[in-house]
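Participant: Let's see this in three dimensions:
(chains A and B)
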2 protein chains.
Amino acid sequence: MRKVTVLTGGVGGAKLVLGLTALEFAPQVTAIVNTGDDFRHLGLAVSPDIDTLLYVLSGQDNRTQGWGREGESWSFMAALRSLGGADWFALGDGDLALHILRTSRLAAGEPLSEIVAGFARSWNIAARILPMSDDPVATMIDTDEGELAFQDYFVARQCRPVARAIRFAGAAGARPAPGVAEAILDPETDSILIAPSNPWLSVDPILAVPEIAYALATATAPIVAISPIVGGEAVKGPTAKLMREFGLPVTTEAIAAHYARVIDGILVDGRDTVSGLSLPYAVEDTLMRDLTDRKRVAAAALDLARTIACSGQH
Amino acid sequence: MRKVTVLTGGVGGAKLVLGLTALEFAPQVTAIVNTGDDFRHLGLAVSPDIDTLLYVLSGQDNRTQGWGREGESWSFMAALRSLGGADWFALGDGDLALHILRTSRLAAGEPLSEIVAGFARSWNIAARILPMSDDPVATMIDTDEGELAFQDYFVARQCRPVARAIRFAGAAGARPAPGVAEAILDPETDSILIAPSNPWLSVDPILAVPEIAYALATATAPIVAISPIVGGEAVKGPTAKLMREFGLPVTTEAIAAHYARVIDGILVDGRDTVSGLSLPYAVEDTLMRDLTDRKRVAAAALDLARTIACSGQH
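Facilitator: Got it, this is the predicted structure:
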């Protein structure tokens, strides 16, 4: 069986991983997931990107809303509001089970990676979901309103402040979670994909863990990014806004340049005309509305990786 | 305005307090609430008796079920079960707001009494709800299956083990919460009531806090217990079963004997014929099905206290 390793943030990456696992002759997928968005809220340990993968890969995700659980109820938030509790971050009733169990197991000394593996087993998820690290890493955004923790920027301030720089507190001293470096370096891994997640906010935290960067630099498998740019815009989230604030054109070329030291190839959306790309690329409709789309994008990324491997261009 | 102080456990005591606050010319009520049932579950600080008072006094209690919130939803428990989490203790979705806020505020160093006062303010509860202590006290039941913590005995084992003894771990070193001794000793307090809660499991933990016992012994207000025995049985819970296991007759006389050193009088249910009571008592229908019942029992207890005060029999 082929093995594929995916570096991913939340929603977009979860769609890609779902597409990979739904392919005929599906590869064995290991998802290395950003934990830079993880935070404590009301004392609870919340891991938004990991939980998105758990929900999407177990078929429990809310497809209308784009986040959280299908059929969620909201009694907790209503009661919390009636008690004057902080309600800027929405915690669904069923969603609380993940946060409460994670918090109590972390307090008992269990590492995040084992906790997540237990959740995935309970929900019969075939893909391996690995937090990038069991050590805390916090994405911090320096903005015109001062430095903001990720959720303060993303949820509370809805990405409105102008970003000037991003740092990943704790990343330099963080170790990859067990299995992460192995999944990158495994000789049976024939493709490493970077999901079309936000490069600056969702993928860079993973790359900021030194041993992960080193593993990627020494990996034998080709590394292929799926560009998050579709028709000169990002599909969702603040990617395009961030790029403009950093003085970058909102193009796949700028994405490729950002990942230049990491990737061997890039999957480009057919709506964008690319020029001056100095690395292998393929063109595909990369918008992932339904499972057919997700499988198509997954297959195209794997095809590009295979082409690169055969041509020896990495 | 009259002031009344009530020593209380959960359901039965909450009904009495509600009755007191609903009286015409309602007294100012301070409820001193048992915290011996408090425990940590899934890392959350749960205070069952305090929360019962919060729900009953804010009109949010589930009257059919007899515990928890009206209109509660159960998504959390379903998700918890799907993850293999411990599901022997039912936590409703809305109910989690109290537990999560309490846990995070305790972790931030706020005392339980202040947290509870904040909840009561948010829900416009006129009565003062005071935990008996801000220090942890744990009711432990020595049974034929070994020593069990309260919730293990009461919920997980549904009171089935045979009790041999009860102790209140931490009580000897616990201080009364701010306001507790004051509410007992306040010269304006003209009645101190002991709710028809379980004497051994719900009231004794309060009496086991040394400064509370001392305050009761020196209080000027008469102390009146409402007997939990109705027609030779306890209205609910394991009171009668415990009495039998301790070799006691299930009678109001045995309740009076248990409280002999504390009370000045006892309110007896009309279904029971009492004989040999050596302290003042009054007879009333003490079953509290609806608000009219609760007001009647509250008024009868206050009347008995007033009679005792006027006769100088305390």
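
Participant: Could you give the bridge partners of the residue nearest to residue A:162 when sequence neighbours are not counted?
Facilitator: Using Cβ to Cβ, 6 or more residues apart in numbering or on different chains and skipping residues adjacent in sequence, the residue nearest residue A:162 is residue A:144, 4.4 Å away. C-beta coordinates here come from the backbone N, C-alpha and C atoms, glycine included. On the basis of DSSP bridges, residue A:144 is bridged to residue A:146.

Participant: Check what pLDDT residue A:144 gets.
Facilitator: Note for residue A:144: predicted pLDDT of 95.

Participant: and what of the one 5 residues further on?
Facilitator: Predicted confidence (pLDDT) at residue A:149: the value is 95.

Participant: what sits against it?
Facilitator: A:39, A:138, A:139, A:140, A:141 (Cβ atoms under 8 Å, 6 or more residues apart in numbering or on different chains).

Participant: which of these tops the neighbour count?
Facilitator: residue A:139 (28 neighbours; other Cβ atoms under 10 Å in any protein chain shown).

Participant: is that residue in a bridge, and if so with what?
Facilitator: Beta bridges link residue A:139 to residue A:168, judged by DSSP bridges.

Participant: just checking, it touches residue A:152?
Facilitator: No. Contact criterion Cβ atoms under 8 Å: residue A:139 and residue A:152 do not qualify, at 10.7 Å.

Participant: confidence score at the one residue in the stretch 201-314 of chain A that gets nearest to chain B?
Facilitator: The stretch 201-314 of chain A approaches chain B most closely through residue A:291 (22.8 Å), counting by Cβ to the nearest Cβ. According to the prediction, residue A:291 has pLDDT 93.

Participant: residue contacts, it?
Facilitator: By Cβ under 8 Å, 6+ apart, the neighbours of residue A:291 are A:18, A:19, A:22.

Participant: cutoff 7 Å now
Facilitator: Counting by Cβ atoms under 7 Å, 6 or more residues apart in numbering or on different chains, residue A:291 makes contact with residue A:22.

Participant: can you check the one 3 residues further on too?
Facilitator: Contacts of residue A:294 were listed using Cβ under 7 Å, 6+ apart, and they are A:15, A:16, A:18, A:19, A:22, A:288.

Participant: measure it to residue A:284 for me?
Facilitator: 12 Å (Cβ to Cβ, to the nearest Å).

Participant: Which secondary structure element is home to the closest residue to chain B within the stretch 151-300 of chain A?
Facilitator: Across the stretch 151-300 of chain A, the shortest distance to chain B (Cβ to the nearest Cβ) belongs to residue A:151, at 15.7 Å. Using DSSP states H and E, the element containing residue A:151 is helix A:150-151.

Participant: biggest helix in chain A by residues?
Facilitator: helix A:291-311 (DSSP state H).

Participant: Which parts of that helix count as buried, going by neighbours?
Facilitator: Neighbour-count burial for helix A:291-311 flags A:293-298, A:300-302, A:304-305, A:308-309 (criterion: 16 or more other Cβ atoms under 10 Å in any protein chain shown).

Participant: any chance of those residues in TSV, plus distance to residue B:111?
Facilitator: Formatted as TSV, the buried residues of helix A:291-311 follow (distance: Cβ to Cβ, whole Å):
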residue	distance to residue B:111
A:293	55
A:294	52
A:295	56
A:296	59
A:297	55
A:298	54
A:300	60
A:301	56
A:302	58
A:304	61
A:305	59
A:308	63
A:309	63
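
Participant: Closest one to residue B:222 out of the residues you listed, please.
Facilitator: residue A:294 (74.9 Å; Cβ to Cβ).

Participant: what's the closest non-adjacent residue to that closest one?
Facilitator: Sequence neighbours aside, residue A:19 is the residue nearest to residue A:294 in space, at 3.0 Å (criterion: Cβ to Cβ, 6+ apart).

Participant: I'd like the distance between residue A:275 and residue A:225.
Facilitator: Distance from residue A:275 to residue A:225, by Cβ to Cβ: 18 Å.

Participant: more crowded one of the two?
Facilitator: More crowded of residue A:275 and residue A:225, by other Cβ under 10 Å: residue A:225, with 30 against 6.

Participant: tell me which residues form a beta bridge with that one?
Facilitator: If you apply DSSP bridges, the partners that residue A:225 bridges to are residue A:194, residue A:266.

Participant: and it, what pLDDT?
Facilitator: On pLDDT, residue A:225 comes in at 98.

Participant: Repeat that for the one 5 residues further on.
Facilitator: Each residue has a pLDDT score; the one for residue A:230 is 93.

Participant: and what of residue A:12?
Facilitator: 89.

Participant: Check residue A:1 too.
Facilitator: Looking at residue A:1, its pLDDT stands at 68.

Participant: ok, residue A:186 touching residue A:2?
Facilitator: No. Between residue A:186 and residue A:2 there is no contact under Cβ atoms under 7 Å: 11.2 Å.

Participant: between the two, what contacts are shared?
Facilitator: Shared contacts of residue A:186 and residue A:2 (Cβ under 7 Å, 6+ apart): none.

Participant: Return, as residue ranges, the portions of the stretch 101-250 of chain A with sub-threshold pLDDT.
Facilitator: Judged against pLDDT under 70, the stretch 101-250 of chain A has no low-scoring part.

Participant: how about the residues of it near chain B?
Facilitator: The stretch 101-250 of chain A comes close to chain B at residues A:101, A:103, A:104, A:107, A:119, A:122, A:123, as judged by Cβ under 7 Å from any Cβ of the partner chain.

Participant: the strands in the stretch 1-150 of chain A, which residues?
Facilitator: A:3-8, A:28-33, A:39-41, A:44-46, A:128-131, A:138-143, A:146-149 (DSSP state E, counting those that start in this stretch).

Participant: quick one, which of these is nearest to residue B:242?
Facilitator: strand A:44-46 (37.4 Å).
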